[in-house]
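Engineer: Give me the fold of what follows.
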Amino acid sequence: MVFDAYTLVYLITNLFTLAIIHRFMSAFFDEIVKPKWHIIATYALYFISAGVMYLVWDIPALATVVNLISLYVITLNYSSGIRKRMFVVIFFYIFMLATEVIVCAVTGYFNFPIFNSGYYNNTTGLVIMRIIAYLETLIFYNIKALKRNDTVTILQWMATLFIPISTLVIKIFIVDNENSTQLQVILSTIIIFLINLLTFFLYNSLAKSYAKEKEAAIVSKEKEMYYNQCLLMQETNENLQKFRHEINNKFISMKELINKNMYNELSDFIDNLTDKLVIEKVYSNTGNVIADSIINYKLNLISDSDIVTEIAVPPSLDIDVNDLVVILGNILDNAVQALNENDGNSKLYFKLVYSQGRLIIKETNTYKTKICYENGEIQSSKSDKSNHGFGLKNIEEVVKRNNGYMEINHNDNIFSIDIILFV
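Structural biologist: This next block holds a predicted model:
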């Protein structure tokens, strides 16, 4: 075998194929069960076996058998059954084979021997095969993400389509021409593949970093809710202890005032005693720690308002704790802000009810500040807009992830949000 430009490009594209396989497997399998060294070894086995088959024998039928076995070995890195492993291997091979046949036909090659060596030598065609396969794999991956209820942004879809297609255009119309040297062909192939790999590597790294920051913020908020619940419980307990300690002395004083017919003084004494007994109001006592802590803490931050609640949920709900924190925390944060900005006549209605597999959430409050829109989305009225204004977006994202329903309405002074989650 002569190591000409085509052979070197073939080996480079075969290395890029590992990235295609990895992304493809990630789209069909969820859990990795093998250590990193095992994963690296299986991918290296595929690369070496495919390269040896091409360099030494170059018999398509034999190469197919070896590649199928190597692909099946790679699937062993993931948690799955034999049937699914075989399906993924066969589907991937058919999908790659179809891509190669179509590209070969488009570039003018129609001879597809099974037991003899082929004579295809179009380096640009090789690169096109792998870039198209990579593009198709990215689309599979995004579709899988949507099925998992993950958010795939328009920017991510644009990057998925634009990066591979633009590098193909550069390769076909700008880099490759009749005057290209062997070194130029090889270097351009490497650069094209690196652009695709590094772009999506950086994008995935940023996405993971954002996801970790968001998760950390949610966990921090959850801890805050637990802490606030503990503070409420501690304060209530302290007030009760003080009351028990002083109650005997109070009764003695009241009895003495009655014996002396000092009823006016008794009335004043009782009024004063009542004022001292005012403690934090309990709006929610369902036994669901998350719901109780958020609702009780947030609603006790509201002053001089008419608050009506309708709460009936079991101690545990089949919904991610972080999702519940995001929805309740952000809804009530916005309500607290709006009501505390009102001059008077503040009203709030809050409903959290679980019924027949549905978690129904409704919140209605009066408001004074003008609601502003930007690009069709409600904007924060807080001065620090760089750190606020994401509440409703986060709620909407959680609702979508749980296949729920969300509707926002408002008029001149009434704001309402309705949410239904199927849990």
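Engineer: Could you pull up phi and psi at Leu352?
Structural biologist: Backbone torsions for Leu352, taken as degrees, to the nearest 10, come to phi -140, psi 100.
Engineer: List the residues that contact it.
Structural biologist: Applying C-beta atoms under 8 Å, 6 or more residues apart in numbering to Leu352 gives the contacts 284, 291, 295, 309-313, 328, 359-361. All C-beta spots, glycine's among them, are computed from the backbone N, C-alpha and C.
Engineer: at 7 Å what do you get?
Structural biologist: Residues near Leu352 by C-beta atoms under 7 Å, 6 or more residues apart in numbering: 291, 311, 313, 361.
Engineer: For the second one, give me phi and psi.
Structural biologist: Right, Ile311. Backbone torsions of Ile311, given as degrees, to the nearest 10, read phi -130, psi 120.
Engineer: Rebuild the contacts of Leu352 as a markdown table, extending it with pLDDT.
Structural biologist: Listed next are the contacts of Leu352 as a markdown table, based on pLDDT from 0 to 100:
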| residue | pLDDT |
| --- | --- |
| Ala291 | 87 |
| Ile311 | 94 |
| Val313 | 93 |
| Ile361 | 95 |
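Engineer: quick one: which of those residues sit in strands?
Structural biologist: Within the contacts of Leu352, residues falling in strands by DSSP state E are 311, 361.
Engineer: Return the closest of the contacts of Leu352 with respect to Ala50.
Structural biologist: Ala50 lies nearest to Ile361 out of the contacts of Leu352, by C-beta to C-beta, at 54.3 Å.
Engineer: burial of that closest one, as a residue count?
Structural biologist: By other C-beta atoms under 10 Å, the residues close to Ile361 number 22.
Engineer: Quick one: residues contacting it.
Structural biologist: 327, 351-352, 419.
Engineer: rerun that using 10 Å as the cut-off
Structural biologist: 313, 324, 327-328, 331, 350-353, 395, 399, 404, 406, 417-421 (C-beta atoms under 10 Å, 6 or more residues apart in numbering).
Engineer: Just the buried ones from those residues?
Structural biologist: Buried positions within these, assessed by neighbour count (16 or more other C-beta atoms under 10 Å), are 313, 324, 327-328, 331, 350, 352, 395, 399, 404, 406, 417, 419-421.
Engineer: From those residues, which land in helices?
Structural biologist: Among the buried ones among the contacts of Ile361, the members falling in helices (DSSP state H) are 324, 327-328, 331, 395, 399.
Engineer: and which of those is nearest to Leu197?
Structural biologist: Lowest distance from Leu197 to these (C-beta to C-beta) belongs to Val399, with 34.9 Å.
Engineer: Tell me the bridge partners for the nearest residue in space to that closest one that is not next to it in sequence.
Structural biologist: Excluding its sequence neighbours, the residue lying closest to Val399 (C-beta to C-beta, 6 or more residues apart in numbering) is Met406, at 4.4 Å. On the basis of DSSP bridges, Met406 is bridged to Ile419.
Engineer: tell me the contacts of the nearest residue to Tyr263 once chain neighbours are set aside?
Structural biologist: The shortest distance from Tyr263 to any non-neighbouring residue, by C-beta to C-beta, 6+ apart, is to Leu257 (7.7 Å). Counting by C-beta under 10 Å, 6+ apart, Leu257 makes contact with 263-270.
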